[in-house]
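>>> need the 3D shape of this:
(chains A and B)
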Amino acid sequence: MSLFVVLPVILPFAVATAALGFRDHPLWQNRISVLGAFLHLAACAALFIRVIRGGIQTMQIGDWKAPFGITLAADHLSVVMIMAAAILGAAVALYSRSEIDADLLRSGYHPLLHILLGGVSGAFLTGDLFNLYVWFEVMLMASFGLLVLGRGKEQLDGGVKYVMINLFATLLFLAGVGLLYGMTGTLNLADLHLAVQEVDNQALLAAVAAIFMTAFGIKAGLFPLFFWLPASYHTPPVAVSAIMAGLLTKVGVYALIRLFSLVFIFDVAYTHGLLLVGGVITMFTGVLGAAANNEFRRILSVHIISQVGYMVLGLALFTPLALAGAVFYLLHNMIVKANLFLISGLSARISGAFELKRLGGLYRDHRFVALLFFISAFSLAGFPPLSGFWAKLILVRAGLETGAYGAAAAAVTVGLLTTYSMTKIWGEAFWKPSPARSESAEGGDTAENPDMWMLVPVSGLACLTLLIGLVPGPFLEVAQRAAHELTHPEIYVNAVLGGK
Amino acid sequence: METALAFMVGIIAAASIYLMLSGNLIRFIFGLVLATNSVNLLIFVSGRLTQTRPPQIPEDASVPVGPVANALPQALILTAIVIGFALSIFVFILFYRAYQSLGTVDTESMRAAEPGQEREASAGDAGAVAKEPAQGEAE
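Here you go, the predicted model:
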């Protein structure tokens, strides 16, 4: 039974090793990577089903009893996250087939991609704080590698900034781990939940909570710690942007949700009040920053920040409904955001540019691509009946129920502003006549058509978005169960430490 | 002893932040190495400094006899040191490559990925306006 819990973590590393062995055979490397990604998806699905049927699944590594050894624990939140991660992994592995050239493959693109997936899965599944730090590092190493893989000027510049701030955040996280261990003498998350309640020095605890909040806030791109994100996310190949946009900030949000629902709940008014303010300002700065940009991928990058604000808002309100909203939002956003990046790659493949002023005419020439963008973009903006609508609806309703009218109003306003930047992309890239046609002949005729390796994953993700939008019931049910576990930490504690 | 080490952690951390904020990639690396070490020391102090015996179990017993030192922080630090080494090497190489292709170690003038010129252009800087389209064409 415990094999199911550890498989989603081990598998990507095995695939990475195998892909590394085929460095000089791009085609085989690709096949292994795609196969590996789908195996990972299957492993995650198996775990998902087990958790849905049987509740929290745990595994004590090396049979060291919790809290002494490292625990892996899969609750509903974890499995929702790894499912979304695995879906993105599979989509991006497919997409990479046509986007990543042989040079990048030889530099180890696919091994890095799978190490990233493994690191992310590990971070989602671990029940141990220090282990979470290790997974963060694994994930970061892989993302550093992916980010600078093409060694372009912009990439190196963006990479330097990304590496600097993220290394600092990880060090901050590690310092927090050290201090928390000094106070409680344990690193097991479930055990921490109990141990933190016995700490006398509440002020020190609050300080440590703030350290964690800062560290994960940097990772998640929370206001005012997000400046590294728009500086780097638009520089690597599209497939890399997509997987990073879909996964990395969300791991930060996941870590925030995990720690601030399980460990740091000693003074909810203080910690979650801070998060509420941070979340609302994040939503606004993100969406305004996006409105000021004119490059497809930069708009999307800055938008990530705004969306992170929504998720943190869900955590900050800290009611079952709000947390369910946050989980639903995470699921919806990971899929939609990654897909929008992939679509930006499609449109760049068609017209050879990311700048909106050089794009155009996509609606006339490529109706299907336009349709795919339409679904994802307006889902992001929260149009009914697409998935983003339900996510925002839950959060707004949770805001109204808890009396946080300002936050609810902010959520609605930011949704409207999101529509503005999405219609900007729509108007510029899809409706406007193509500038390439009038300026140069080569733009219109020799532009490549997107091939199946690109269209299939993008269509798949768009269908998933539609599915979540049209049949939100089952997804909401899972999100509510996750929220139930998050608001009742004793369920998690009992599952990890053994029933009492 | 703990107080002295706590102050040391504080001083090293302050020095590392000073270096990291100085806007120079070389100094940033030194700051990063210092910061890593200050955090390692912090974990070490968090595990309590004692002058008891090493955590070894006598041959005829199944648990350690009497008070022993806490071995866990050292295991954590060892892990952190290994990770820190790997990251430092990566950062060294990355910064060297960045220096090679960007030609500068000054973070203020590293603007390849961010269109800082656009903002200056809107403020009315004619030089930046002339530069900006040129960069667009190069892409």
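
>>> what residues does chain B put near chain A?
Residues of chain B found near chain A, taking C-beta under 8 Å from any C-beta of the partner chain as the criterion, are B:20, B:25, B:28, B:32, B:35-36, B:39, B:42-43, B:45-48, B:72-73, B:76, B:79-80, B:83, B:86-87, B:90-91, B:94-95, B:97-98, B:101-102, B:107, B:110-114, B:136. Where you see a C-beta, it was placed from the backbone N, CA and C, and this is true even at glycine.

>>> show residues contacting stretch B:66-77.
Stretch B:66-77 is touched from outside by A:130, A:177-178, A:181, B:40, B:43-44, B:46-48, B:50, B:52-56, with contacts defined as C-beta atoms under 8 Å, 6 or more residues apart in numbering or on different chains.

>>> residue A:93: which of the residues you listed is nearest?
Using C-beta to C-beta, residue A:130 comes nearest to residue A:93 of the contacts of stretch B:66-77, at 30.3 Å.

>>> any idea how far the closest residue to residue A:194 other than its chain neighbours lies from residue A:190?
The shortest distance from residue A:194 to any non-neighbouring residue, by C-beta to C-beta, 6 or more residues apart in numbering or on different chains, is to residue A:493 (6.7 Å). According to C-beta to C-beta, to the nearest Å, residue A:493 stands 4 Å off from residue A:190.

>>> go on, residue A:39?
Residue A:39 is 30 Å from residue A:190, where distance means C-beta to C-beta.

>>> compare these two (neighbour count), which wins?
The neighbour count for residue A:39 versus residue A:190, taken as other C-beta atoms under 10 Å in any protein chain shown, is higher for residue A:190 (26 against 18).

>>> picking that back up, so of the contacts of stretch B:66-77, which ones are in helices?
A:130, A:177, A:178, A:181, B:40, B:43, B:44, B:46 (DSSP state H).

>>> format the residues you listed as JSON lines; extra columns: distance to residue A:311.
Below are these laid out as JSON lines (distance: C-beta to C-beta, whole Å):
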{"residue": "A:130", "distance to residue A:311": "25"}
{"residue": "A:177", "distance to residue A:311": "23"}
{"residue": "A:178", "distance to residue A:311": "28"}
{"residue": "A:181", "distance to residue A:311": "28"}
{"residue": "B:40", "distance to residue A:311": "32"}
{"residue": "B:43", "distance to residue A:311": "30"}
{"residue": "B:44", "distance to residue A:311": "36"}
{"residue": "B:46", "distance to residue A:311": "31"}
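
>>> now for those: which two are most distant?
A:130 and B:44 (14.1 Å).

>>> that older thread, filter the contacts of stretch B:66-77 to the buried ones?
A:130, A:177, A:178, A:181, B:40, B:43, B:44, B:46, B:47 (16 or more other C-beta atoms under 10 Å in any protein chain shown).

>>> which residues are in contact with the residue in chain B that chain A sits nearest to?
Of all residues in chain B, residue B:46 sits closest to chain A, at 2.9 Å by C-beta to the nearest C-beta. Residues near residue B:46 by C-beta under 8 Å, 6+ apart: A:178, A:179, A:181, A:182, B:73.

>>> reduced to three states, what does the closest residue to residue A:152 other than its chain neighbours come out as?
Excluding the flanking residues, the one nearest residue A:152 by C-beta to C-beta, 6+ apart is residue A:235, at 7.1 Å. With DSSP: H, G, I helix; E, B strand; the rest coil as the basis, residue A:235 sits in coil.

>>> for residue A:235, what are its contacts?
A:147, A:152, A:154, A:155, A:157, A:158, A:159, B:113.

>>> does the first one touch residue A:159 like I think?
It refers to residue A:147. Yes. Residue A:147 is within contact range of residue A:159, at 4.7 Å (criterion: C-beta atoms under 8 Å).

>>> just put the contacts of residue B:46 in CSV and tack on distance to residue A:345.
Output for the contacts of residue B:46, formatted as CSV (distance: C-beta to C-beta, whole Å):
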residue, distance to residue A:345
A:178, 41
A:179, 43
A:181, 43
A:182, 47
B:73, 46
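
>>> just give me the closest of those to residue A:313.
residue A:179 (27.5 Å).

>>> surely that closest one meets residue B:39?
No. The pair residue A:179 / residue B:39 is not scored as a contact, 10.0 Å apart, by C-beta under 8 Å.

>>> and residue A:128, its phi and psi?
Phi and psi for residue A:128, reported as degrees, to the nearest 10, are phi -130, psi 130.

>>> now it, nearest residue through space, not along the chain?
residue A:70 (4.8 Å).

>>> pick out the residue of chain A closest to chain B.
Proximity to chain B, evaluated over chain A using C-beta to the nearest C-beta, is greatest for residue A:182 at 2.9 Å.

>>> center of chain B, which residue is that?
residue B:32 (2.8 Å; C-alpha atoms, centre = their mean).

>>> name the SS class of that residue, please.
Secondary structure state of residue B:32, per three-state DSSP, is helix.

>>> find the least confident helix or strand in chain B, judged by mean pLDDT.
helix B:126-138 (a mean of 38; mean pLDDT, DSSP states H and E).

>>> how about the nearest residue to the residue of chain B closest to chain A, chain neighbours excluded?
residue A:182 (2.9 Å).

>>> residues near that neighbour, how many?
18.

>>> and it, what is it in contact with?
Residue A:182 is in contact with B:45, B:46, B:47, B:48, counting by C-beta under 8 Å, 6+ apart.

>>> how about the buried ones among the contacts of stretch B:66-77, which pair is most distant?
A:130 and B:44 (14.1 Å).

>>> now the strands for the stretch 251-400 of chain A?
Here the stretch 251-400 of chain A has no strands by DSSP state E, counting those that start in this stretch.

>>> nope, chain B is what I meant
With strands called from DSSP state E, chain B shows none.

>>> re earlier: could you dump the ones in helices among the contacts of stretch B:66-77 into JSON lines with pLDDT and distance to residue A:322 added?
JSON lines is the format used below for the ones in helices among the contacts of stretch B:66-77 (pLDDT from 0 to 100; distance: C-beta to C-beta, whole Å):
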{"residue": "A:130", "pLDDT": "90", "distance to residue A:322": "29"}
{"residue": "A:177", "pLDDT": "92", "distance to residue A:322": "28"}
{"residue": "A:178", "pLDDT": "90", "distance to residue A:322": "32"}
{"residue": "A:181", "pLDDT": "90", "distance to residue A:322": "31"}
{"residue": "B:40", "pLDDT": "91", "distance to residue A:322": "38"}
{"residue": "B:43", "pLDDT": "90", "distance to residue A:322": "35"}
{"residue": "B:44", "pLDDT": "88", "distance to residue A:322": "40"}
{"residue": "B:46", "pLDDT": "85", "distance to residue A:322": "34"}
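
>>> and of those residues, the nearest to residue A:477?
Distance to residue A:477 across those (C-beta to C-beta) is lowest for residue A:130, with 33.7 Å.

>>> surely that closest one meets residue A:176?
No. Under the criterion of C-beta under 8 Å, residue A:130 is not in contact with residue A:176, lying 11.0 Å apart.

>>> so where is chain B shaky, pLDDT-wise?
Applying pLDDT under 70 to chain B picks out residues B:114-139.

>>> looking at it, which residue reaches furthest from the middle?
Extreme point of chain B relative to centroid (C-alpha atoms, centre = their mean) is residue B:60; 45.2 Å.
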